[in-house]
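*Asks:* any chance you could fold what I've pasted below:
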Amino acid sequence: MEDPTRKLNTSNHDHLTYTHPPLDIAVLGGIRLEGLDRMRTTLKIKVEHLSLRHNLDLYNDNQVERLIRKIAERLEVGTSVAAATLADLTDRLEQYRLEEIERIESADDTRTRMLTEQEIKTAKVYASAPNLMQRTGDDLQATGIIGEWENALTLAMAMTSRKCKDPLSVVTLAKSGMGKSYLQEKVAATIPQEDLIESTMITESSFYRFDRHELSGKVFLIEDLDGAEAVLYPIREMQSKKKISKTVTIKDTQGKLKTVTLTVEGPISVCGCTTRESLYEDNENRSLLLHLNGSKAQDEQIMSYHRKVKAGKIDKEKEEQVREQLELVQRILTPINIVNPFAELIQLPASVRNPRRTLPLLLSFIEVITYYHQYQREEKADEHGEAYIETSPEDIEWSFKLLRNVLFRKSDERGMPEVLRLAAKLGEEIQHREVPCQRDKESQVHPSPNIGPISGRAANIRTIRDHRRQETAYWLRILTHALASRSQPKGSDSSVDG
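*Replies:* Now for the predicted structure:
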């Protein structure tokens with residue numbers, strides 16, 4: 001039967017107390033839950049008016065023996081009593097640590113929300129309906145985002161990429177007070193909370209202390225990159241290599257030094273905000289850079305929204321309903337392989353800065369848009385039986401539309417003749433390439449506003465030659481219109497079939 005006088009009080013995780021008459025012990029700072037091969041503690045031991053403080057690893061016999069002798073000398077307690085007290089304390093701390101680990105793991109499991117059949121049905125209807133990208137952009141505005149239509153949708157797609165093989169990272173740039181954190185917060189609210197890891201400030205060493213797979217498939221939100229310079233290196237290594245590792249020296253249970261390797265695996269989507277126009281170039285080249293709208297018109301829109309909120313004219317309940325709808329869509333998306341049959345035809349003008357970084361970002365962005373449309377794409381199987389879906393021309397068009405002010409921001413107008421040349425070449429290649437057109441079937445039900453009907457022929461008897469001509473015109477429009485209009489104001493009402 002357990003002695004009622006011996007008990008471990010865990011009401012305060014940072015100040016555990018243990019009573020074992022005649023000794024009263026406080027564990028200052030609590031104990032670390034990770035690293036079950038050691039138990040570093042700082043103890044305050046009291047006997048009536050006498051006390052001492054000691055730091056040790058309770059799994060190290062030599063350190064424990066020294067503390068026992070110290071207790072006997074300083075507190076005038078027998079060594080047998082001191083030894084029995086420390087042994088019992090160690091057992092109780094072990095039990096407490098295991099219970100805490102189990103509790104935290106159980107809490108993480110319960111964070112994953114189980115959808116009802118009706119919620120799944122509603123989300124699939126939303127994801128299967130036409131104009132998905134346009135509706136998503138409009139609904140993001142309905143959650144309380146003011147303006148920044150293209151930036152919000154770009155950020156949402158980057159966060160959606162967390163489940164893809166090559167997740168995208170985003171840096172939002174603007175002056176202080178422009179709403180960088182607000183935009184990131186509102187878009188992140190449409191992502192399942194168990195897929196988000198938020199940090200106001202983080203150190204380099206703490207980045208390596210995550211569990212091996214704790215960051216995999218997650219969105220890591222950093223509110224202020226200006227205060228996270230130390231972590232920029234592991235972030236870009238995670239973006240490039242999909243994992244980071246660090247070798248450190250620790251003491252084993254015998255007090256001997258040994259080296260261990262801490263490994264944290266990705267992939268991960270990193271989203272952060274900063275007021276600095278330029279970051280370290282290596283980090284900048286691995287991320288999409290979003291510049292917020294600082295115009296007077298945007299200021300007035302935001303102030304008008306705040307006035308309406310205080311006047312009770314904004315339906316906050318409706319905003320929450322729209323947010324929940326977007327979150328449901330995120331929850332039904334499942335990882336699947338993406339094949340882009342047009343990838344070899346995509347080229348960048350020479351005026352684009354860092355094309356070796358820019359092209360992978362563009363291709364990854366196209367991939368996530370395809371991934372977001374998975375309920376509108378025919379699932380196929382490769383020669384090994386692996387399921388995949390294919391990119392459509394609309395996915396590429398949306399990528400150029402959203403990234404024209406991001407990836408091509410630093411391309412000046414002198415590069416436009418080359419863009420036109422590449423567009424003509426791309427159209428010519430498509431004209432001689434046989435690529436099955438799923439859109440040709442869909443256009444019989446939903447004709448694309450971007451491609452006019454073929455004069456004198458019914459839609460159901462189009463020839464392959466006519467189809468190729470349409471594809472050529474379509475692709476010419478993608479590169480010439482999307483790139484040439486990259487200076488067009490963000491949030492325009494122009495839309496593309498999704």
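*Asks:* what helix or strand does residue 272 sit in?
*Replies:* Secondary-structure element containing residue 272, defined by DSSP states H and E: strand 268-274.
*Asks:* just checking: what are the partner strands of that strand?
*Replies:* According to DSSP bridges, strand 268-274 has the following sheet partners: strand 170-173 (parallel), strand 218-222 (parallel).
*Asks:* what's the mean pLDDT across it?
*Replies:* Taken as a whole, strand 268-274 has an average pLDDT of 85.
*Asks:* show residues contacting that strand.
*Replies:* Strand 268-274 is contacted by residues 155, 158-159, 161-162, 167-174, 180-181, 184, 188, 215-226, 228, 235, 238-239, 287 when judged by CB atoms under 8 Å, 6 or more residues apart in numbering. For every residue, glycine as well, the C-beta is placed using N, CA and C.
*Asks:* centroid-nearest residue for this protein?
*Replies:* Centrality entry for the chain: nearest residue to the mean C-alpha point is residue 219, 1.7 Å, by CA atoms, centre = their mean.
*Asks:* any idea how far that residue is from residue 350?
*Replies:* With distances defined as CB to CB, to the nearest Å, the gap from residue 219 to residue 350 amounts to 34 Å.
*Asks:* for stretch 286-298, the distance to its chain's centre please.
*Replies:* With CA atoms, centre = their mean, to the nearest Å as the basis, the distance from the averaged C-alpha position of stretch 286-298 to the chain average is 20 Å.
*Asks:* quick one: residues contacting residue 262.
*Replies:* Taking CB under 8 Å, 6+ apart as the definition, contacts of residue 262 comprise 208-209, 245-248.
*Asks:* rerun at 7 Å
*Replies:* Counting by CB atoms under 7 Å, 6 or more residues apart in numbering, residue 262 makes contact with 208, 245-246, 248.
*Asks:* now swap in residue 406 and tell me
*Replies:* For residue 406, the residues meeting the contact criterion (CB under 7 Å, 6+ apart) are 154, 288-290.
*Asks:* which of these sits closest to residue 84?
*Replies:* Looking at the contacts of residue 406 and their distance to residue 84, the nearest is residue 288, at 61.5 Å (CB to CB).
*Asks:* just the pLDDT at that closest one, thanks.
*Replies:* So residue 288 comes in at 86 (pLDDT).
*Asks:* distance of it from residue 244?
*Replies:* Taking CB to CB as the measure, residue 288 and residue 244 are separated by 21 Å.
*Asks:* for the nearest residue in space to residue 382 that is not next to it in sequence, list each beta-bridge partner.
*Replies:* Counting by CB to CB, 6 or more residues apart in numbering, residue 382 lies nearest to residue 388, which is 6.2 Å off, once chain neighbours are set aside. According to DSSP bridges, residue 337, residue 380 are recorded as the beta-bridge partners of residue 388.
*Asks:* what's the next secondary structure element after the top helix by length along the chain?
*Replies:* Using DSSP state H, we find that the single longest helix of the chain is helix 79-111. Stepping forward along the backbone from helix 79-111, the first helix or strand reached (DSSP H and E) is helix 117-128.
*Asks:* can I get the helix or strand following that following helix as PDB, trimmed to CA atoms?
*Replies:* In the C-terminal direction, the helix or strand that comes right after helix 117-128 (DSSP H and E) is helix 132-142. Output in PDB follows, covering the C-alpha atoms of helix 132-142 (Å, rounded to 0.1, in the frame of the first residue of the first chain):
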ATOM      1  CA  LEU A 132     -12.900  26.600 -58.300                       C
ATOM      2  CA  MET A 133     -10.000  29.100 -58.200                       C
ATOM      3  CA  GLN A 134     -12.200  32.100 -58.800                       C
ATOM      4  CA  ARG A 135     -14.600  31.000 -56.100                       C
ATOM      5  CA  THR A 136     -11.900  30.300 -53.700                       C
ATOM      6  CA  GLY A 137     -10.400  33.700 -54.200                       C
ATOM      7  CA  ASP A 138     -13.800  35.300 -53.700                       C
ATOM      8  CA  ASP A 139     -14.500  33.300 -50.600                       C
ATOM      9  CA  LEU A 140     -11.200  34.300 -49.100                       C
ATOM     10  CA  GLN A 141     -12.400  37.800 -49.400                       C
ATOM     11  CA  ALA A 142     -15.600  36.900 -47.700                       C
END
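*Asks:* what sits up against helix 132-142?
*Replies:* In contact with helix 132-142 (CB under 7 Å, 6+ apart) are residues 149, 152-153, 156, 187, 319, 322, 325-326, 372-373, 376, 398, 495, 498.
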